[in-house]
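> No sequence on hand, only this structure:
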C-alpha cells in the first residue's frame, strides 16, 4: 500500500508532503500513492504520533492484569493519538504486544522497584533489603527497553508521612549499574526529601516532582535531569489525603503539595528544566488522556506549541525515537484543525497512521 498525505507541519507550520511505502515515511515522491489526507491542498495539520511519557499499559487497580486488558488499554491510546508509550513500570509482561502492528510502540521500564509495604500493593517488585537494589536494577534493565523505574518515596507508616526508600550510597550504586547496562533511570517522587539524593546520584528523570524546591530545581539543571509532572494525576491528591485521615501529617503534606503544584512546576519550566508530558494512565487515571495532559501543561506557563511538543516531537527526541524523518516508521496524526487549539481537537485526530496502516478513530 502506498499512501500520500499533505498539510502543515509543526512546530514551524511549514507545508509538508509525505509518502508512505512499506510502513515507512518517504519525503521523496512515490508513484501510484493514494492521497488519504490533504486532497484539497495544505489545509490540515500533520504531526508525529504523540508520546505519553508515563503510561502504564499492563497495570490495573490491583496490579497485574490479563493481556487482553492490556491490549484494550493500548488500543485506547492509539485511537487518541498516543503512538509511543514510555511504560513507567508494569507488573504485566507486555512484550508479546511488540509483534502487534495495530498497537502503539512501548518503551518499557520493567517492574517498579520498591520496598515491602512502601508502594501500592501488587504494583512493585519488593526488595527486602536495600542492598539488593543494584542487582535488581541489572535484572530489570535486561527485561526493559532502556529504562528503570524506582519508587523514590512513599508513605512510611512508622513516620506517618512521605519518606525516601533508599540511602544515597545505594542509589548511586544502582543508577551507575543501570547506566552501565545502557538504561536510564526514573523515579516516582511526591515530596522533596528523596529528590536531592536521587538527582546527585545521576538519575535521568523525576516523575511527579510535586515537592520541588528552588534548590532541587537548581540541582536538576546542574545534572540535566528531566521532569514528567503527570499534572492530571496530581488532581487526585486531595482524594488521597481524604482517604488517609489516620495519618494526619501525610494528609496535610499531600494537600500542601497539591496547593503548590502549579507554582512549583511553573518555576521548573521557567528555570529551563526539560519537561515532558505523561498522563500516568493505568490506575487512578484512565487511558487515552494525553491530550488533557498537554492542556494542563499550558497551565504552568507552556505555550500551546511547547506543550504539544512535550508530547510529540520534543518527547520523541528525548526518547531517541524519530518523528517524520525519511525512512522512519510511518507513525503520524492528521488533523483538519490546528491541534494546538485544545484537547477537544488534539484528542480526536481525523486520521491515525500507525506503522503505515490507516486507522480512523
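Cool, the structure landed. Since the structure is predicted, the reported quantities are computational estimates derived from the model, not experimental observations. Residues are numbered from 1 along each chain as shown.
> Next up, the contacts around residue 210.
If a contact means Cβ atoms under 8 Å, 6 or more residues apart in numbering, then residue 210 has 190-191, 229, 234, 237, 257-258, 260-261, 264 as its contacts. No exception for glycine: its C-beta is placed from N, CA and C like everyone else's.
> just residue 110 next, same as before
Contacts of residue 110 by Cβ under 8 Å, 6+ apart are 89, 139-141, 143-144, 147-149.
> Could you dump these into a markdown table with distance to residue 27 and pLDDT added?
Below are these laid out as a markdown table (distance: Cβ to Cβ, whole Å; pLDDT from 0 to 100):
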| residue | distance to residue 27 | pLDDT |
| --- | --- | --- |
| 89 | 37 | 92 |
| 139 | 41 | 94 |
| 140 | 38 | 93 |
| 141 | 35 | 93 |
| 143 | 36 | 85 |
| 144 | 32 | 87 |
| 147 | 30 | 97 |
| 148 | 36 | 97 |
| 149 | 36 | 97 |
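> Can you select the buried ones from those residues in PyMOL?
A single PyMOL command selects the buried members of the contacts of residue 110 (16 or more other Cβ atoms under 10 Å):
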select buried, resi 89+140+141+144+147+148+149
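> and the contacts of residue 110 as TSV, adding distance to residue 168 and secondary structure?
Output for the contacts of residue 110, formatted as TSV (distance: Cβ to Cβ, whole Å; DSSP: H, G, I helix; E, B strand; the rest coil):
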residue	distance to residue 168	secondary structure
89	22	coil
139	22	helix
140	21	helix
141	21	helix
143	26	helix
144	24	coil
147	21	strand
148	17	strand
149	19	strand
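> if we can go back for a sec, and the two most separated of the contacts of residue 210?
191 and 229 (14.3 Å; Cβ to Cβ).
> the more surrounded of those two?
residue 229 (31 against 24; other Cβ atoms under 10 Å).
> what about residue 155, distance to residue 86?
Distance of residue 155 to residue 86, given as Cβ to Cβ, to the nearest Å: 25 Å.
> Which ones among the contacts of residue 210 lie within helices?
Among those, the ones falling in helices (DSSP state H) are 234, 237, 257-258, 260-261, 264.
> residue ranges of the strands in the stretch 251-361 of the chain, please?
Assigned by DSSP state E, counting those that start in this stretch, the stretch 251-361 of the chain shows strands spanning 332-335, 351-354, 357-359.
> for the ones you listed, which one sits closest to residue 30?
strand 351-354 (14.8 Å).
> who does the closest one touch, helix- and strand-wise?
On a contact count with 3 or more Cβ pairs under 8 Å, 6 or more residues apart in numbering; DSSP states H and E, strand 351-354 meets strand 2-9, helix 67-79, strand 332-335, strand 357-359.
> Give me whichever of these is most buried.
Highest mean neighbour count among the helices and strands packed on strand 351-354 (mean count of other Cβ atoms under 10 Å): strand 332-335, with a mean of 24.
> coming back round to it: looking at residue 155 and residue 86, which has the bigger crowd around it?
Using other Cβ under 10 Å as the criterion, residue 155 and residue 86 rank with residue 86 on top: 28 against 23.
> could you measure that one against residue 210, distance?
Counting by Cβ to Cβ, the gap from residue 86 to residue 210 is 20 Å.
> ok, now residue 290?
Counting by Cβ to Cβ - residue 290 and residue 210 are separated by 20 Å.
> Does residue 28 belong to a helix, a strand or coil?
coil (DSSP: H, G, I helix; E, B strand; the rest coil).
> Run through the residues that contact it.
Residue 28 is in contact with 19, 326, counting by Cβ under 8 Å, 6+ apart.
> thinking again about what came up before, which stretch among the helices and strands packed on strand 351-354 comes nearest residue 320?
Of all the helices and strands packed on strand 351-354, strand 332-335 comes closest under Cβ to Cβ, at 18.0 Å.
> Determine the set of other helices and strands touching that closest one.
strand 2-9, strand 45-48, strand 351-354.
> Residue 182: neighbouring residues, count only.
The burial count for residue 182: 8, using other Cβ under 10 Å.
> Helix, strand or coil: sort out it for me.
The three-state label given to residue 182 by three-state DSSP is coil.
> Not including adjacent chain positions, what is the nearest residue to it?
Spatial nearest neighbour of residue 182, excluding adjacent residues (Cβ to Cβ, 6 or more residues apart in numbering): residue 146 at 6.5 Å.
> distance of the one you found from residue 155?
30 Å.
> on that earlier part again, what about burial for the contacts of residue 210, which qualify?
190-191, 229, 234, 237, 257-258, 261, 264.
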